[in-house]
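J.: model the following, please.
(one chain, ligands or ions: 1)
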Amino acid sequence: MANDKVSIHGVWASRWVFVLAATGSAVGLGNIWKFPYMTGVYGGGAFVVMYLLCIALVGVPIMLAETLIGRRGRQSPVNAMKSLAIEADSSRRWSLAALMGMVAALLILSFYSVVAGWSLDYILGMGRGDFAGISGDGAGAAFGKLTADPWRLTLWHSLFMLGTGLVIARGVVAGLERSLRIMMPLLFVLLLVLLGYSLTTGHFMQGFDFLFHFDPSKVQGGILAAMGHAFFTLSVGVGSIMVYGAYMPKKASIGATVLAVGLLDTLVALTAGLALFPIVFAAGLEPGGGPGLMFVTLPIAFGNIAFGQLMGLVFFVLVAVAAWSSSISMLEPAVAYFVERSGQSRVRVTAVLAFICWLIGMGTVLSFNVGAEAKFFVFGDDGFHLYQWGAEGGRNFFDSIDYLTSRILLPLGGLAFAVFAGWVLKREVVRDELAIGHPLLFGLVYWLVRVVAPIGVLIVFVAELTK
Ligand code: TRP
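T.: Numbering: from 1, shown residues only. Below you'll find the model as predicted:
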């Protein structure tokens, strides 16, 4: 069962480049921004436990499934699934799952770019010394001022989208490798420095307890969010990892490689949490404050320590880079697909897709200011409204896209990928690709992909819909 197909888009130099690229995709705003604030919102340790379980039992098995589908298919996710389904005498409609994932990835990119843009603004602010000696109130006000200004948000959003498009247009293989080799370790070192600082705040144990104290009464509310976040942080469920798998060299064990990516991603998230919460408590703030956590609490810390401005500057540069190495992985599945399908140049395809994402992202930009009252998915007293201006409940544009992708599209996509790898592909194909030597270990992993991951997703998904 040899696999001798070749991707027309290129092949990574080694499997380490895959680890680098997949970790670059996985480690991003999800780890540094979203994980800490969600832990805050969903009550700390209970959320962390759910998150770790979701990663191990569902996230990593799905990542395995995606990687092996990609490497076996050697094409964009849509075409990889189509050709593998035909090969396995199954329905080519399986490719619809990849198509849905592709759209989800573009939707995620649309708001991801806006938030990544915030970090660009903070690079400038840190560079100018805006945050020197800033108070908690001052930092909150500065963040409020940024999000209230649609023009400023649009500027940074445009810049970030442009940067994402430029890398993709040049080709991922050539552009990615060199920068990631420098930036990823640097990000890691800076997180450790930040962790070191939080150790000196005198509130480290309070932060530690918050992150790891398990309160079973809080499990309920956070479990759906934890599952959604497990998908988000590992970049699975949309084909990002699948498309990177398609560029993986033939002779590389997928099992060990994917495990490394999952572990690295989790490590970064926990480190970010451990670094952030003590600073939050030291500043006398509450960690339940939602999305503003990174953009309000960190500036306070940086504004009040020696060399903080410089460190803050470097930190936000690295956040931007982490976001950038993630954002490209959201655009790549669609670009690869349309290049294959249309035969148009990569540059042209990238320009069109990046523009569409930019346009959708404008909805997110406006949801923080003039469009804040535009609500979607409103369950009011008078029934359900898809859209309503100024409704009491419901979600604004940003929250809606975040909800639609994290809670619905990612789990559905992941479910389809796991079922496809576990039940449609032949057992020998999976064994051949995973290259896990020990038969018992292979059996366990295969069982996780076939049974545990799909059931896990289904339970959580049904619970979400019937809530
Ligand atoms: N995992 C990235 C993060 O944590 C975001 C990301 C990249 C992503 N590619 C994705 C999320 C695909 C969902 C789907 O920031």
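J.: pretty sure R152 contacts D121?
T.: Yes. Using CB atoms under 8 Å, R152 is in contact with D121, at 6.7 Å. Placement of C-beta: from N, CA and C, glycine included.
J.: neighbour count for these two, which is higher?
T.: Set R152 next to D121 and count neighbours by other CB atoms under 10 Å: D121 wins out with 22 against 17.
J.: contacts only, for the more buried one.
T.: 146, 152, 156 (CB atoms under 8 Å, 6 or more residues apart in numbering).
J.: near the ligand, which residues of the stretch 251-400 of the chain? Just list them.
T.: Proximity of the stretch 251-400 of the chain to the ligand (CB under 6 Å from any ligand atom) is limited to residues 326, 329-330.
J.: nearest to the ligand: which residue in the stretch 351-467 of the chain?
T.: In the stretch 351-467 of the chain, no residue comes nearer to the ligand than L410, which is 6.1 Å away by CB to the nearest ligand atom.
J.: to clarify, my last question referred to the stretch 1-150 of the chain.
T.: G30 (2.1 Å).
J.: phi and psi next, for the closest residue in space to G390 that isn't next to it in sequence.
T.: Using CB to CB, 6 or more residues apart in numbering and skipping the chain neighbours, the partner closest in space to G390 is E373 (4.4 Å). For E373, the backbone dihedrals are phi -90, psi -10 (criterion: degrees, to the nearest 10).
J.: do the same with L386
T.: Backbone dihedrals for L386, given as degrees, to the nearest 10, come out at phi -70, psi -40.
J.: can you give me the distance of it to A336?
T.: Applying CB to CB, to the nearest Å, the value for L386 to A336 is 32 Å.
J.: with neighbour numbers in mind, choose between those two.
T.: More crowded of L386 and A336, by other CB under 10 Å: A336, with 29 against 10.
J.: coming back round to it: which one of the contacts of D121 is nearest I455?
T.: Comparing the contacts of D121 against I455 with CB to CB places W156 closest, at 41.7 Å.
J.: measure the closest one to T147 for me?
T.: From W156 across to T147, the span is 11 Å (CB to CB).
J.: G140: which element?
T.: Element membership of G140 [criterion: DSSP states H and E] is helix 136-147.
J.: quick one: contacts of that helix?
T.: Applying CB under 8 Å, 6+ apart, the contact partners of helix 136-147 are 118, 121, 125, 130-131, 134, 152-153, 283-285, 292, 295-297, 299-300, 303, 368-369.
J.: wondering if the helix or strand of the chain with the lowest mean pLDDT reaches the ligand at all.
T.: Least confident helix or strand, the chain: helix 172-199 with a mean of 75, by mean pLDDT, DSSP states H and E. No. Counting by CB under 6 Å from any ligand atom, no contacts exist between helix 172-199 and the ligand, the nearest distance being 12.1 Å.
J.: tell me which residues of the helix or strand just after that helix are tucked away?
T.: Beyond helix 172-199 in the direction of the C-terminus, DSSP H and E gives the next helix or strand as helix 204-212. Burial within helix 204-212, assessed by neighbour count using 16 or more other CB atoms under 10 Å, is assigned to 204, 207-208, 210-211.
J.: same question for stretch 323-337.
T.: By 16+ other CB under 10 Å, the buried positions in stretch 323-337 come out as 323-337.
J.: same check on stretch 13-28?
T.: The neighbour-count check on stretch 13-28 (16+ other CB under 10 Å) flags 15, 17-28 as buried.
J.: circling back: mind checking which of W156 and T147 has more residues around it?
T.: Using other CB under 10 Å as the criterion, W156 and T147 rank with W156 on top: 24 against 20.
J.: how about the nearest residue to that one, chain neighbours excluded?
T.: G117 (3.0 Å).
J.: contacts with the ligand among the buried residues of stretch 13-28, please.
T.: Counting by CB under 6 Å from any ligand atom, 25-26, 28 from these sit close to the ligand.
J.: SS state for P299?
T.: Using DSSP: H, G, I helix; E, B strand; the rest coil, the structure places P299 in helix.
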